[in-house]
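Visitor: my questions are about this predicted structure, shown below with the sequence.
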Amino acid sequence: MMLQCAAGPSAKPKAASTLNCGQNQISIEEDPANVNMQVAKGCSKTDVMIFDARQNGWSSLRERAAFDLSCSSDLAVMVMDRRTFGVAGCNKKATYVLSSSAGLVMNVVQDVPAASAPSEAK
C-alpha cells in the first residue's frame, strides 16, 4: 500500500462503521505530515484510519487488529506517536508501526494477564 498521494473521500463513514457510532459523533484528527492517516474518535473509542489509494478507500487499524488478535470483543486503540499505535484486547496487546510502503505493520504482539490489559478512557 503506497501512502504518498493526498487522501480522497472522508474517513468518517468507515470510522462510523468501525467505532459503531454515528458520523455526527465522530471527530477526525488529521496529521498534516501524513494526509493518508487520520485518527478517528467517537463513542469513547479510537481508531486509526489509513487511506489506500489503490483501493480508493480507508482501512481500519481496529479491524486489522481484530483479525490479527483473533479478538471480536471491544479493542482499546492507543496512539503512541505519529507512526506507532497500540491495540489491546482479549488478553493480548500488539504494537503497529506505520510504514510508507506497507501501511500498518504489526511490530510486536504478546499475551497479557487480564488485569494489566489497558482500556480506553470512557
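Guide: Yes, it's here.

Visitor: may I have stretch 26-34 as CSV, with CA atoms only?
Guide: C-alpha atoms of stretch 26-34 as CSV (Å, rounded to 0.1, in the frame of the first residue of the first chain):
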residue,chain,number,x,y,z
ILE,A,26,-17.0,11.1,15.0
SER,A,27,-14.2,13.6,15.3
ILE,A,28,-11.2,13.2,12.9
GLU,A,29,-7.7,14.3,13.8
GLU,A,30,-5.6,14.8,10.7
ASP,A,31,-1.8,14.8,10.6
PRO,A,32,-0.5,17.5,8.1
ALA,A,33,2.7,15.4,7.7
ASN,A,34,0.6,12.4,6.5
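
Visitor: give the buried residues for it.
Guide: 26, 34 (16 or more other CB atoms under 10 Å). The way it works is simple: take the backbone N, C-alpha and C, and place the C-beta from them, glycine included.

Visitor: cool, and stretch 32-50?
Guide: So for stretch 32-50, counting by 16+ other CB under 10 Å, buried means 34, 36-42, 45-50.

Visitor: where do the strands of the protein begin and end?
Guide: 27-31, 34-42, 45-52, 57-60, 76-81, 84-89, 92-99, 103-111 (DSSP state E).

Visitor: partner strands of the third one, with direction?
Guide: Translated: strand 45-52. Sheet partners assigned to strand 45-52 using DSSP bridges are listed as strand 34-42 (antiparallel), strand 57-60 (antiparallel).

Visitor: out of the ones you listed, which gets nearest to residue 15?
Guide: strand 34-42 (3.5 Å; CB to CB).

Visitor: ok, and what's touching the closest one?
Guide: The contact list for strand 34-42, computed with CB atoms under 8 Å, 6 or more residues apart in numbering, reads 3-7, 11-12, 15-16, 18-19, 21-22, 25-31, 46-51, 53, 58, 79, 82, 98.

Visitor: can we see that at 7 Å?
Guide: 3, 6-7, 11, 15, 19, 21, 25-31, 46-51, 79, 98 (CB atoms under 7 Å, 6 or more residues apart in numbering).

Visitor: mean confidence score for that strand?
Guide: In this model, strand 34-42 has a mean pLDDT of 93.

Visitor: tell me what angle that strand forms with strand 103-111.
Guide: 50 degrees (axes from the mean of the first three to the mean of the last three CA atoms, to 10 degrees).
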